[in-house]
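Trainee: Please work out how this folds:
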Amino acid sequence: MTAKSAAAAARSTVHGYPRQGPDRELKKAIEGYWKGRVTADALQTTAAELRAANWRRLAGAGIDEVPTGDFSYYDHVLDTTVMVGAIPDRHRAAVEADALDGYFAMARGTQDVAPLEMTKWFDTNYHYLVPELGPDTVFATDSTKQVAELKEALALGLTARPVLVGPVTYLLLAKPAPGVAAGFDPLTLLDRLLPVYAEVLADLRAAGAEWVQLDEPALVQDRTPAELNAAARAYRELGTLTDRPKLLVASYFDRLGDALPVLAKAPVDGLALDFTGAAAAQLDALAAVGGLPGKRLVAGVVNGRNIWINDLSASLATLGTLLGLADRVDVAASCSLLHVPLDTAAERDIDPQILRWLAFARQKTAEIVTLAKGLSQGTAAITGELAANRADLASRAASPITHDPAVRARAAAVTDTDARRSQPYAERTAAQRAHLRLPLLPTTTIGSFPQTGELRAARADLRAGRIDGAGYEERIEAEIQEVISFQEKTGIDVLVHGEPERNDMVQYFAEQLTGYLATQQGWVQSYGTRYVRPPILAGDISRPEPMTVRWTAYAQSLTERPVKGMLTGPVTMLAWSFVRDDQPLGDTARQVALALRDEVNDLETAGTSVIQVDEPALRETLPLRAGDHPAYLAWATEAFRLSTSGVRPDTQIHTHMCYAEFGDIVQAIDDLDADVISLEAARSHMQVARELAAHGYPREAGPGVYDIHSPRVPSAEEAAELLRTGLRAIPAERLWVNPDCGLKTRGWPETRVSLENLVAAARTVREELPAS
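Mentor: Residues are numbered from 1 along each chain as shown. Below you'll find the model as predicted:
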């Protein structure tokens, strides 16, 4: 096929689409089902309607090939676990009794059975449920969901391509099941898993699939020769099956590196590659391996993870180069559009000119269609679109929002001393213990308390004008009084005010910082039915006035015990926002850090002795390739220290991280120079405590003993046993007792009992300690 005919054949597609619906209908239906207000049939009807609406919308926008199988009630990796029959033994009876309830039990747990562990999906803020495998795992094919959803799309008269998590990535994301040796490598199960994938592929072909996409994003990470050989073997076996559809192997989030020649040589029919951001280097790499002769290339030239408009001319140039490297070039986003909001048209409060700089899922779909048209028919066919795109790009580049001379001058003046505490930790900790006078195994929480319906109603009443500012503040004060009173009665040592005034741990601050934009309907799935509205970091950042001092000081006035000031750190402010892409991330992080430094200093001046600056995103933002780690960690840790280093030695700085694998960033955690760190540890049975100990981490730490992402209420003895496990790694004088994460998503009844049990566990274990 010539380059000209390849261009004529260019088609448009996407890897996946937001699941929730325009008004988060899926979230509401699932949570209604959990509460018994929605039947299983009604939930399944809602889900089917949302799938059909998405496919029709994509086709109506001009997408030539729609994805199926990307839809999920909770998580697509959990869907894969069901597809291959890798149900943990403790959940098997529930799944066999009722497939839907058993599915949700694996995701959320029950009072009697723990859920699967949850962690971040590569370097995104999406969370997946970690498969649990062992040498005795028996796989069994269940392609019911995948086949049914394909048939739904085909029945609408659409060209559809099922999307599956690939077998290599599935195994690389898995962990040893409970009771299995820690050194067990799930990849050793590949030969046992491939026949299941072969059966799924045959089922999909029989149901009408011409193409099936197998996602292998794990191959963009650094991989050993053994892992690359496993990938080669997997696709040699699947590619030579006689009863299969055409296979499209997809990667995204970064460049493939050494895995590119492996997949290019594999007997599959096409590759889907990311050509955005750092992965743009893949173009030269693809040329170096001789391209993809005889194969289809799905070129991800529209960034599926950010919300800035595409540079259409630049993307067309990339696509033009790619035409000579594959038998057929199609146009797509770099990854699933799951990671962006649905539609900018729903945003009524953003300036219309600024709105033209933004592209959510529907706008990205339009960009993909435009690029496919331009590639197929030539730029003359999209002259108007190109001119409008150039004008919007120029408008953004020239906007005063993106350049504040005062902010830039302050950031440029930062010195190394600004990012260092005035005394080393050993001296600070003595001053803090003398000042705070806390017991061994001090108890605290991570920050937020349950966000009740009354609190959400108060915010809605304020926005609607049904109450004035004074009335709203009275409601917030009443909530803080209740939270402080409960903590005192329960016996918690270091209190929090509960954050009743906050809508979200990033959005709350973004709404008070210059350079940020807030959305009204920009919802993105974080996990399950948890959706967040990431703010948009569009320009230079500064803090016009204090953001948290008012409420922290009020809470402290109600008690003699220390109340933590609660802030979100600079890396997380970036990671959980849609960040400007017109300057280095490190420059933006420094601006945010200076704004937070002002807030930290004001909290201390107001009498706050313990200040927590949360960085749950430090690990998730770590680049996927080790060679890129040092530069990232240098600016990330500097930004945290810049935020926190302006305080006195006796002011205790805490930080918090959750739901990620921390073993490979323990040195960076050390480099933060926080006095205390709290981390998620309950689901992983204190694994992070052992990692800290192995590193020789010298500071105080609170590995969580209460998994707040499950409705389970841990008993006092369960929490105590986790605490005893923690003590085997961290000495009592440096060990804190706390939940895994904030309590915003939990209800008050379970929160009360769980925290009472947590405090009881601390007392029990404290009494077991040898006398000093």
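Trainee: how would you label Pro439: helix, strand or coil?
Mentor: Under the three-state scheme (DSSP: H, G, I helix; E, B strand; the rest coil), Pro439 adopts coil.
Trainee: Let the chain start at 50 from now.
Mentor: Got it, the first residue is 50 from now on, which makes the last one we talked about Pro488.
Trainee: Could you tell me which residues within stretch 668-680 count as buried?
Mentor: By neighbour count with 16 or more other Cβ atoms under 10 Å, stretch 668-680 contains the buried residues 668-673. The way it works is simple: take the backbone N, C-alpha and C, and place the C-beta from them, glycine included.
Trainee: okay if I get those residues as TSV plus distance to Cys707 and pLDDT?
Mentor: Converted to TSV, the buried residues of stretch 668-680 look like this (distance: Cβ to Cβ, whole Å; pLDDT from 0 to 100):
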residue	distance to Cys707	pLDDT
Arg668	9	88
Glu669	10	83
Thr670	14	89
Leu671	15	91
Pro672	20	93
Leu673	20	94
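Trainee: Poorly predicted segments of this structure, please.
Mentor: Along the chain, the parts satisfying pLDDT under 70 run over 50-57, 708-709, 821.
Trainee: can you do 80?
Mentor: Judged against pLDDT under 80, the low-scoring parts of the chain cover residues 50-58, 708-712, 732-733, 821.
Trainee: residue closest to the middle of it?
Mentor: With the centre of the chain defined as its mean C-alpha position, the nearest residue by Cα atoms, centre = their mean is Asn174, 1.1 Å away.
Trainee: helix/strand/coil for Lys613?
Mentor: At Lys613 the chain is in strand, as set by three-state DSSP.
Trainee: Test my guess that it contacts Gly496.
Mentor: Yes. Using Cβ atoms under 8 Å, Lys613 is in contact with Gly496, at 7.3 Å.
Trainee: Report the set of residues contacting both of the two.
Mentor: 545, 661 (Cβ atoms under 8 Å, 6 or more residues apart in numbering).
Trainee: Next up, identify which helix or strand the residue nearest to the centre of the chain is on.
Mentor: With elements delineated by DSSP states H and E, Asn174 resides in a region that no helix or strand encompasses.
Trainee: For it, give me its contacts.
Mentor: When the contact criterion is Cβ under 8 Å, 6+ apart, the partners of Asn174 are 573, 575, 581, 583, 624-625, 666, 669.
Trainee: ok, so of the residues you listed, who is nearest Ile450?
Mentor: Compare each of those with Ile450 using Cβ to Cβ and the shortest gap goes to Pro583, at 17.8 Å.
Trainee: Please, which helix or strand holds the closest one?
Mentor: Pro583 is part of no helix or strand when elements are defined by DSSP H and E.
Trainee: Help me confirm that Leu590 comes into contact with Gln640.
Mentor: Actually, residue 590 is Ile. It isn't Leu. Yes. With contacts defined as Cβ under 8 Å, Ile590 counts as touching Gln640 at a distance of 4.1 Å.
Trainee: who touches both of the two?
Mentor: Between them, Ile590 and Gln640 share the neighbouring residues 456, 564, with contact defined by Cβ under 8 Å, 6+ apart.
Trainee: quick one: the top strand by length along the chain to chain centroid distance?
Mentor: Counting by DSSP state E, the longest strand found in the chain is strand 341-351. Going by Cα atoms, centre = their mean, to the nearest Å, the spacing between the C-alpha centre of strand 341-351 and its chain's C-alpha centre is 27 Å.
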